[in-house]
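Student: I'd like to go over a predicted model; first the sequence, then the structure.
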Amino acid sequence: MQPKIKSKIFSGILGEIIEGIFINKSSNKKNNRKSQKGDDIYANVTISSKEAVFGTSRIINIIQSKPCPNCMGKKFINEALCPMCKGSGEISTHKKINCNIPSNAKNNSKIKIENEGNDSTNGGLSGDLYLIINIDEKSLFTVKDNIVYMDLPITPYEAALGANIEIPTFYENITIKIPPNTSSGQRFRLKGQGLYIKELKENSDMIVTAIIKLPKNLSEKEIELYKSLKENSSGNVREGLKNNE
Ligand SMILES: [Zn+2]
C-alpha cells in the first residue's frame, strides 16, 4: 500500500482567469457632511482548493464610478442636467485589476484591496475592493482539518480485480494500489500525501475514497459480459437490507 512516488508535478487549475464584471455597491453612505469615503466594491471570486492552499491571482474586471468630470459631480450645469452623466453626477469606468490571493485563503473570507473601490464624490478617500473567496466545491481536493480528501473514480473491473492507479496529490502524481474486491466508498489513507504543515515539519495525510463508476456508454460487448456476470454472480451485497417485520 506504500504509494510509489513519481517525479511528475501535477499542474492543477492555476493561471489567471478573468472574472466577470462586478458592480455590487455597498451602502457606505453616512449622514456626514465631511468628505466621505467612496463606496466599497465586492467581487466574488471562485478558486480551486489547491489555489486556496498555495495562493493564486485573478484579473478582476470591475466598474468603478467616479465623479463626473463635466459637472464635477454636481449633476447640473447652469441649472440644466449635465449631458455627460445625465444628471447622475457619476460616470462609470471599466478597470482590470490584477489581484493576488494569498495562500491559505479560507472559504467566504474577504480579501481587501485598498483604494480600488469607487472614488469619493466629495474629495474623500476612495473605497476599497473586497474579493469574496469561494472555494469551488467541485475541486478535485477537499481540505478539512489539514487532511486532504479526494474521490477516486474506479471501474467495476478495477474494483473487482484491483489496480494500480496514478492519482494527483497537491504536490505530485503518485501511483496507488487499489486491492482486489474494493467496494465503492472504501477509503484509503495515504500517509504523508496531504499538505505540508510548517509547524510539524511534515505532511498531513490524504484520504482517497474509491467510487465505482461506469463509463457513460457501455458497448454491446460490455453489456454481454455484464449479463454473463449476472448469471454467474455469487454472494449477496444487500444482506443488510431486511424488512422490519
Ligand atoms: Zn455630470
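Tutor: Yep, it's here.
Student: so who does residue 205 touch?
Tutor: 147-148, 189-194 (Cβ atoms under 8 Å, 6 or more residues apart in numbering). Glycine gets a C-beta too; all of them are placed from N, C-alpha and C.
Student: the ion contacts on the chain?
Tutor: 68, 70-71, 82, 84-85 (Cβ under 5 Å from the ion).
Student: quick one, grab the pLDDT at the residue of the chain positioned farthest from its centre.
Tutor: Taking Cα atoms, centre = their mean, the residue of the chain most remote from its mean C-alpha position is residue 78, at 51.9 Å. Note for residue 78: predicted pLDDT of 89.
Student: buried only: go through the residues of the chain next to the ion for me.
Tutor: For the residues of the chain next to the ion, a burial check counting by 16 or more other Cβ atoms under 10 Å picks out 68, 71, 82, 85.
Student: how far off centre is the longest helix belonging to the chain?
Tutor: For the chain, the helix with the greatest residue count under DSSP state H is helix 220-232. Centroid separation for helix 220-232 versus its chain: 40 Å, with Cα atoms, centre = their mean, to the nearest Å.
Student: residue 124: which of the contacts of residue 205 is nearest?
Tutor: residue 148 (45.5 Å; Cβ to Cβ).
Student: shouldn't that closest one be in contact with residue 170?
Tutor: Yes - counting by Cβ atoms under 8 Å, residue 148 touches residue 170, with 6.4 Å between them.
Student: check which helix or strand residue 134 maps to.
Tutor: Using DSSP states H and E, residue 134 sits within strand 129-135.
Student: do residue 209 as well
Tutor: Counting by DSSP H and E, residue 209 is part of strand 206-212.
Student: what lines up beside that strand in the sheet?
Tutor: Here strand 206-212 has these sheet partners by DSSP bridges: strand 147-154 (parallel), strand 187-190 (antiparallel).
Student: what about the spatially closest residue to residue 101 that is not a sequence neighbour, neighbour count?
Tutor: Leaving aside its chain neighbours, residue 101 sits nearest to residue 56 (5.0 Å; criterion: Cβ to Cβ, 6 or more residues apart in numbering). Using other Cβ atoms under 10 Å, residue 56 has 23 other residues around it.
Student: gap between residue 56 and residue 99?
Tutor: In this view, residue 56 and residue 99 are 10 Å apart by Cβ to Cβ, to the nearest Å.
Student: repeat that for residue 52.
Tutor: 14 Å.
Student: higher neighbour count, those two?
Tutor: Per other Cβ under 10 Å, whichever of residue 52 and residue 99 has more neighbours is residue 52, with 24 against 19.
Student: contact partners of the helix or strand hosting that one?
Tutor: With secondary structure defined by DSSP H and E, residue 52 is part of helix 49-54. With contacts defined as Cβ under 8 Å, 6+ apart, helix 49-54 is touched by 12-14, 101, 103-107, 133, 135-136, 139-143, 170, 195.
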